[in-house]
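Using only what follows, build the 3D model:
(2 chains)
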There are 2 protein chains.
Amino acid sequence: MKAHLRPVPLEKSYRLLNHGPTVLVSAQDQQTTGVMTAAWACALEFSPAKVTVVLDKATKTREIIEHSGYFALQVPTLKQLKMVYALGMISQRDAPEKLRQCGVELFKMHDADIPLVEGCSAWILCQLISEPHNQQNHDLFIGKVIAAYADERVFRDGHWYYQDVADEWKSLHHVAGGHFYTIGQAISVDDLEQ
Amino acid sequence: MKAHLRPVPLEKSYRLLNHGPTVLVSAQDQQTTGVMTAAWACALEFSPAKVTVVLDKATKTREIIEHSGYFALQVPTLKQLKMVYALGMISQRDAPEKLRQCGVELFKMHDADIPLVEGCSAWILCQLISEPHNQQNHDLFIGKVIAAYADERVFRDGHWYYQDVADEWKSLHHVAGGHFYTIGQAISVDDLEQ
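Residues are numbered from 1 along each chain as shown, chains lettered A, B, ... in the order given. Got it, this is the predicted structure:
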């Protein structure tokens, strides 16, 4: 998998989230590694690149991020649907073995001490910008992007190539419960004018 | 069009944004009506329902929202692609006739003084929650949802029915420039287990 992993320039990292995919949020502190599903993640700024993610107070991953000050957002694929759903339904507070149960395999990139989920299509590594008001009142966390990577088979040169790969690569867009949509067809404004 | 418009319960309004569509942001003050395209909009809370949207300081629509304290997010469709692109490219500061040029038709719902764009699939009417720090430092605006509507042909009973309607109804997911994806296929975790 990592043979296909390529760095994405920070100022282009917003494109990994721009189409609104459901993401996995991962983090670790000295005790625990947490991974959870989140539909409410969004780009916030081009340069310096920043992102937002909403993390409920009940989640273990939020607590870990508050300890460590670092997290990653990653874009999972249709192939990972069952895992994505389970990571959103099961809480690590009830099930300490959650990650094993869900079949999560983790890796790290060189010097960053942030756990990343194998098999995703893109990874955005963030340093938490501490904003107690937003975190406490809105469950809203802001991250400064410190590195980004994508699997070159589906994202390269600043663009997604969903149309050129098997359906199993498609991003997931959560509706509610076990219901999702996959990303669909590429369309360009230029196509309309031809 | 409005014959098919149905209210969406506020606590279900997050489902209109949960799949990450690119939205149109609309607002009016005593002088001007503004409509712009935004890819960075997101649900923030279930109940009381809240949303976030990132609005650059250069935009006229942001200035209008700061004056009026109200705005709407609406989910445009593939049929509106050309308009959606133009509303993101043209600034009302340079082109006072922007809305006419882009072919925008507006309507209002009973007592709310918020302009809504005809032909979209869903509308989320919001009262600005004034947060000067977020607005100034992050261009981040938070809205409390005060009403929501959807076209029952594509969203009803709390669910999107993209799979049952013509492609022209599909939501748009912006990548960059004139490049978008449409929403794709519905998939349920239950499907995997059968």
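
Might you report the residue contacts of the residue of chain A at minimum distance from chain B?
Of all residues in chain A, A:Gly20 sits closest to chain B, at 1.4 Å by CB to the nearest CB. Placement of C-beta: from N, CA and C, glycine included. By CB atoms under 8 Å, 6 or more residues apart in numbering or on different chains, the contact set of A:Gly20 is A:Cys42, A:His173, B:His19, B:Gly20, B:Pro21, B:Thr22, B:Ala39, B:His173.

Closest to A:Gly143 out of the residues you listed?
Ranked by distance to A:Gly143 (CB to CB), those are led by A:Cys42 at 11.0 Å.

doesn't B:Trp40 make contact with that closest one?
Yes - applying CB atoms under 8 Å, one finds A:Cys42 in contact with B:Trp40, separated by 5.3 Å.

out of the two, which sits in the more crowded spot?
A:Cys42 (28 against 24; other CB atoms under 10 Å in any protein chain shown).

how about the strands in chain A?
Along chain A, counting by DSSP state E, strands occupy A:5-7, A:23-28, A:33-38, A:41-45, A:50-54, A:70-75, A:106-107, A:116-117, A:122-129, A:140-151, A:155-156, A:159-160, A:172-176, A:179-188.

Dump those strands into JSON lines; add mean pLDDT and distance to B:Gly119 as well.
JSON lines is the format used below for the strands of chain A (pLDDT from 0 to 100; distance: least, CB to CB, whole Å):
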{"stretch": "strand A:5-7", "mean pLDDT": "97", "distance to B:Gly119": "40"}
{"stretch": "strand A:23-28", "mean pLDDT": "98", "distance to B:Gly119": "30"}
{"stretch": "strand A:33-38", "mean pLDDT": "98", "distance to B:Gly119": "31"}
{"stretch": "strand A:41-45", "mean pLDDT": "98", "distance to B:Gly119": "25"}
{"stretch": "strand A:50-54", "mean pLDDT": "98", "distance to B:Gly119": "29"}
{"stretch": "strand A:70-75", "mean pLDDT": "98", "distance to B:Gly119": "30"}
{"stretch": "strand A:106-107", "mean pLDDT": "97", "distance to B:Gly119": "45"}
{"stretch": "strand A:116-117", "mean pLDDT": "98", "distance to B:Gly119": "39"}
{"stretch": "strand A:122-129", "mean pLDDT": "98", "distance to B:Gly119": "33"}
{"stretch": "strand A:140-151", "mean pLDDT": "98", "distance to B:Gly119": "32"}
{"stretch": "strand A:155-156", "mean pLDDT": "98", "distance to B:Gly119": "32"}
{"stretch": "strand A:159-160", "mean pLDDT": "96", "distance to B:Gly119": "27"}
{"stretch": "strand A:172-176", "mean pLDDT": "96", "distance to B:Gly119": "22"}
{"stretch": "strand A:179-188", "mean pLDDT": "97", "distance to B:Gly119": "17"}
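
and B:Lys57, which of those is closest to it?
Nearest to B:Lys57 among these is strand A:41-45 (11.9 Å), distances taken as CB to CB.

And for the closest one, what's in contact with it?
Taking CB under 8 Å, 6+ apart as the rule, strand A:41-45 contacts A:14, A:17-18, A:20, A:22-23, A:25, A:49-54, A:73, A:142, B:39-42, B:52, B:54, B:138-140.

can we see that at 7 Å?
For strand A:41-45, the external contacting residues (CB atoms under 7 Å, 6 or more residues apart in numbering or on different chains) are A:14, A:17-18, A:23, A:50-53, A:73, A:142, B:40, B:42, B:52, B:54, B:138, B:140.

For the nearest residue to A:Ser68 once chain neighbours are set aside, the count of nearby residues, please.
Once flanking residues are discounted, A:Ser68 sits nearest to A:Asp29: 4.6 Å by CB to CB, 6 or more residues apart in numbering or on different chains. The tally of other residues near A:Asp29 (other CB under 10 Å) stands at 16.

How about the one 5 residues further on?
A:Gly34: 25 surrounding residues under other CB under 10 Å.

got the contact list for it?
Residues in contact with A:Gly34 (CB under 7 Å, 6+ apart) are A:Ser26, A:Ala27, A:Lys60, A:Thr61, A:Ile64, A:Gln92.

now the closest residue to A:Ile142 other than its chain neighbours: how far from A:Phe155?
In this structure, A:Ile142 finds its nearest non-sequential neighbour in A:Ile129, 4.5 Å apart by CB to CB, 6+ apart. Counting by CB to CB, to the nearest Å, the separation of A:Ile129 from A:Phe155 is 25 Å.

and if you look at A:Val75?
Per CB to CB, A:Val75 is found 9 Å from A:Phe155.

Looking at the two, which is more packed in?
More crowded of A:Val75 and A:Phe155, by other CB under 10 Å: A:Val75, with 27 against 23.

list the contacts for that one?
Here A:Val75 is in contact with A:Leu16, A:Pro21, A:Val23, A:Cys120, A:Ser121, A:Ala122, A:Ser171 (CB under 7 Å, 6+ apart).
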